[in-house]
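> Below: sequence and its predicted model.
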Amino acid sequence: MGRTKTTDKSALDIYLGALRDHLSIESKAIETALSELPVCERYPGLCQRMEQDLAMGRSHAREITILLSRHGHPAPVPHETVSSILSTVSGLLHGGEARDVLKNVLATSGYRAHQITSLQMLIVLARQLGFAQDASALECLKDEETAAAEALAGLMPDIVSQYLAAA
């Protein structure tokens, strides 16, 4: 006897859900950058990279919001993001200096890889749905994420050296 799916989703539903998920990823990237910036003052290259990533994350969140709106789905309620950011900043104030910069950079690298893969999936979905304009916009976002990942990797020797010098 076969099983019947009770929650069949259309390709469009899957795409819109993936866009919302990616917007959540971007929101988390923004939160992380906001919470980590004060901690990285001893690492000028990293601090500059994080400021650039923060600006990029905000730009990407706006672009994903535009894509969602284009398909009739508004962005999440702003107060959810604000309360989440406040929670992150509060966590920073209570545990800031104990953070391990090397672990955070490694986590950021993994997070960036997740963002790139998410964008790759969205590009495939957009193309299969015939949303060429969406796919083009998502390609640009993916390229920017890839460049940011490469820039962070290029900073790694300096970050490790500065970390060891401060130890």
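Perfect, I can see it now. Residues are numbered from 1 along each chain as shown.

> For the residue lying closest to Arg20 once chain neighbours are set aside, which three-state class applies?
Nearest residue to Arg20, sequence neighbours excluded (C-beta to C-beta, 6 or more residues apart in numbering): Leu68, at 6.9 Å. All C-beta spots, glycine's among them, are computed from the backbone N, C-alpha and C. State at Leu68, reduced to three classes by DSSP: H, G, I helix; E, B strand; the rest coil: helix.

> ok, Leu68 touching Pro74?
Yes - the pair Leu68 / Pro74 is scored as a contact, 7.1 Å apart, by C-beta atoms under 8 Å.

> which one of those two has more residues nearby?
Leu68 (18 against 8; other C-beta atoms under 10 Å).

> Next, count neighbours for Glu153.
Just to correct that, residue 153 is Ala rather than Glu. By other C-beta under 10 Å, 12 other residues sit near Ala153.

> list the contacts for it?
Applying C-beta atoms under 8 Å, 6 or more residues apart in numbering, we find Ala153 in contact with Ser109.

> ok, which stretches of the chain are helices?
Here the chain has its helices, by DSSP state H, at 11-36, 44-70, 78-95, 101-128, 132-166.

> Quick one: mean pLDDT for the second one?
Model confidence over helix 44-70, given as mean pLDDT, is 94.
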